[in-house]
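Peer 1: Test case, fold it:
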Amino acid sequence: MFPTVSEILALDPVRHGLPRVLAGSGALDRPVRWVHVAEVPDIATLLRGGELVLSTGIGLPPSDDALRAFVAALADVGAAGLVIELGRGRFASSLPRAMVAEAQSRDLPLVELRRTVRFVRITEAVHALIVDAQLTELRATEEIHQRFTELSVDGAEPAEVVHQAALLAGAPVVLENLSRQVLAYDTAGERPELLLDDWEQHSRRLQLPSRTFYTAGWLVTTVGARGQDWGRLLLRWPGPAEPPSRLTILLERAASTLALGRLIRRDAEGLERQIHRTLLTALLDHTRPVDEVAVRARALGVPLERRHLVGVVIRFRGDSSGWREAAGAGDPPDLADDGPTRLRDLAEAVSAALRDATIEGLTSAVDDTTVGALLALRSPAGEDRALLVLAAALHRARGTDAAPVIIAAGTGAATLREARRSLVEARQVADAARHDRRDVPVYRMPDVGLAGLLHLLRDEPRLQTFVERELGPLLAHDARHPRDQLLDTLRAYLDHGRNKSAAATAAHLSRPAFYERLARIARVLDCDLGSVDTCLSLHVALLALDAVRER
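Peer 2: I've put the predicted structure just below:
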């Protein structure tokens with residue numbers, strides 16, 4: 001960091017000149033990039049900003065207007081300050097009031113030296129400070145690059161990268177995603193609640209005009225690679241001046257390490273997931289002998305022989321086409337519609353959950369909407385506990401604000417040849433539970449009840465015939481009269497236990513209008529909606545229709 005004007009005024013060669021600050025005392029913390037000796041009035045055109053100008057004033061113009069213009073030009077170019085020696089130049093005992101007033105109005109430090117000094121001693125001392133500061137900055141930058149290169153090579157987790165950044169900066173650092181949720185942080189010794197309270201609202205106020213920017217006491221840079229940004233890294237710097245370039249380099253280097261680490265983990269994870277997917281697909285589709293699957297899994301570090309195998313399927317709730325529901329309302333539109341990206345993130349979260357729960361197994365996406373896993377447990381006795389631990393670990397890995405998912409498990413299998421049945425059953429249970437809104441950690445076949453049974457029988461022609469016999473006339477009527485939607489009216493009536501008032505409210509209809517629709521349904525189906533047996537048969541037919549339509 002460059003020395004400030006106040007630090008230069010404290011140097012012995014400057015103190016020898018008996019300096020007195022006449023204006024700009026509030027700007028003495030300005031950094032001085034260089035010291036320039038000048039005796040010409042148009043020196044501002046040769047400056048770049050950050051210079052401390054030394055002068056005897058011998059070449060300055062005599063008029064007050066010209067002196068004001070001289071000071072204004074220095075302020076406009078960003079000079080750090082102006083130091084004028086009295087006695088040898090045209091200013092014998094004091095500086096003109098016009099010059100002092102202009103410097104005060106422009107907040108430009110103006111200093112008079114009341115004793116003759118050798119300017120060369122001042123420039124030598126200041127330039128020594130500047131060179132020393134540059135060397136210190138260079139050494140710090142070298143340490144930054146070395147530290148983050150080591151972190152990149154070691155494959156450090158984001159929390160460790162953030163910790164090292166805070167350690168090197170001596171200031172709090174926060175890593176957040178695009179939804180302004182904190183992924184990792186280090187308070188640098190401060191209280192976490194002071195840093196993170198109302199974080200989302202505070203973060204959204206920090207709008208960046210570029211990838212790296214300093215605003216409102218925070219140095220912020222974007223984190224991402226290959227044109228895909230996924231977060232921001234923020235360093236708190238509440239100082240009156242902008243943070244030094246060293247901190248900008250540090251934050252950008254940390255962001256690059258985080259982006260590279262994510263790419264490396266995804267690439268490595270992608271290769272492993274490909275092998276896992278090959279093996280799971282081989283089990284489901286019988287494309288490879290079971291013995292070969294066992295050998296390849298063992299080589300991958302997942303022994304499947306002499307294990308209790310449980311098929312597990314994880315998928316988003318709701319309609320498989322509703323990726324916007326899975327993506328979350330706070331995400332950008334391009335991400336909300338990116339089904340493959342969401343599925344890949346879910347697969348990575350399942351993999352992380354298995355590691356966190358110390359459960360061996362294969363896991364990968366098995367189709368366009370589903371992540372499958374084959375758990376290899378040491379004993380059947382630990383099956384229920386292992387599934388609950390996995391569900392809890394997946395919840396932690398995805399975060400509390402993640403889109404809801406269904407975790408479904410099949411019946412455990414004693415051999416690899418039976419594992420396919422467990423995986424298929426888990427998939428069927430997950431499909432049957434897609435619209436179930438109960439808070440069930442892990443769905444099993446008994447949890448889906450009649451809906452699950454009908455889902456398993458959805459390809460059975462006799463079930464389809466039953467649906468057509470019970471609901472065919474009503475489906476045909478709705479096809480001819482789309483505005484009526486009598487099927488929805490019947491569904492509301494049966495879902496509310498034949499309570500007409502509650503069903504009318506749920507259907508957003510007046511009771512007379514709802515009663516009239518029920519009468520039309522009875523006529524179309526030629527049935528008695530007051531009969532319990534008739535309504536039971538119709539309710540089963542509706543569940544079966546849902547199962548058939550969810551193909």
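Peer 1: In contact with the residue of the chain positioned farthest from its centre, which residues?
Peer 2: Most distant from the centre of the chain: residue 92, at 64.3 Å, with distances by Cα atoms, centre = their mean. Neighbour list for residue 92: residue 86 [criterion: Cβ atoms under 8 Å, 6 or more residues apart in numbering]. All C-beta spots, glycine's among them, are computed from the backbone N, C-alpha and C.
Peer 1: give me the element it is part of.
Peer 2: Counting by DSSP states H and E, residue 92 is held by no secondary-structure element, helix or strand.
Peer 1: ok, now residue 449?
Peer 2: With DSSP H and E as criterion, residue 449 is part of helix 445-456.
Peer 1: how about that helix: buried residues?
Peer 2: Buried residues in helix 445-456, counted by 16 or more other Cβ atoms under 10 Å: 445, 447-448, 451-456.
Peer 1: What about residue 547, how many residues nearby?
Peer 2: For residue 547, the count of nearby residues is 24 (other Cβ atoms under 10 Å).
Peer 1: wait, it sits on residue 450?
Peer 2: No - with contact defined as Cβ atoms under 8 Å, residue 547 does not count as touching residue 450 (9.9 Å).
Peer 1: Confirm that residue 522 lies within a helix, as I assumed.
Peer 2: Yes - counting by DSSP: H, G, I helix; E, B strand; the rest coil, one finds residue 522 located in a helix.
Peer 1: Please report the distance of it from residue 530.
Peer 2: Note on residue 522: its distance to residue 530, by Cβ to Cβ, to the nearest Å, is 9 Å.
Peer 1: higher neighbour count, those two?
Peer 2: For residue 522 versus residue 530, the count of surrounding residues by other Cβ under 10 Å is larger for residue 522: 15 against 10.
Peer 1: pLDDT at the more buried one, what is it?
Peer 2: According to the prediction, residue 522 has pLDDT 93.
Peer 1: Skip ahead from whatever helix or strand residue 54 lives in and say which helix or strand is next.
Peer 2: Element membership for residue 54, per DSSP H and E: strand 51-55. Later in the chain than strand 51-55, the nearest helix or strand by DSSP H and E is helix 64-77.
Peer 1: buried set for that next one?
Peer 2: So for helix 64-77, counting by 16+ other Cβ under 10 Å, buried means 67-75, 77.
Peer 1: same question, stretch 164-175
Peer 2: Buried, per 16+ other Cβ under 10 Å, within stretch 164-175: 164-166, 168-169, 171-175.
Peer 1: any idea how far residue 114 lies from residue 91?
Peer 2: Per Cβ to Cβ, residue 114 is found 11 Å from residue 91.
Peer 1: Which of those two has more residues huddled nearby?
Peer 2: Each of residue 114 and residue 91 has its neighbours counted (other Cβ under 10 Å); residue 91 has more, 19 against 13.
Peer 1: Isn't that one up against residue 84?
Peer 2: Yes - proximity of residue 91 to residue 84 meets the contact threshold set by Cβ under 8 Å, at 6.5 Å.
Peer 1: joint contacts of these two?
Peer 2: 57, 112.
Peer 1: and after the biggest helix by length in the chain, which helix or strand comes next?
Peer 2: Criterion DSSP state H: the longest helix present in the chain is helix 245-285. Helices and strands here follow DSSP H and E; after helix 245-285, the next one along the chain is helix 290-299.
Peer 1: Check which residues of that following helix are buried.
Peer 2: Using 16+ other Cβ under 10 Å as the test for burial, helix 290-299 gives 290, 293-294, 296-297.
Peer 1: Please convert those residues to TSV, extending it with distance to residue 433 and pLDDT.
Peer 2: As requested, the buried residues of helix 290-299 are arranged in TSV below (distance: Cβ to Cβ, whole Å; pLDDT from 0 to 100):
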residue	distance to residue 433	pLDDT
290	29	84
293	28	84
294	30	86
296	31	77
297	28	83
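Peer 1: re earlier: which single one of the buried residues of helix 445-456 is nearest to residue 512?
Peer 2: residue 451 (32.7 Å; Cβ to Cβ).
Peer 1: Including distance to residue 53, could the buried residues of helix 290-299 go into TSV?
Peer 2: Listed next are the buried residues of helix 290-299 as TSV, based on distance: Cβ to Cβ, whole Å:
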residue	distance to residue 53
290	84
293	79
294	81
296	75
297	75
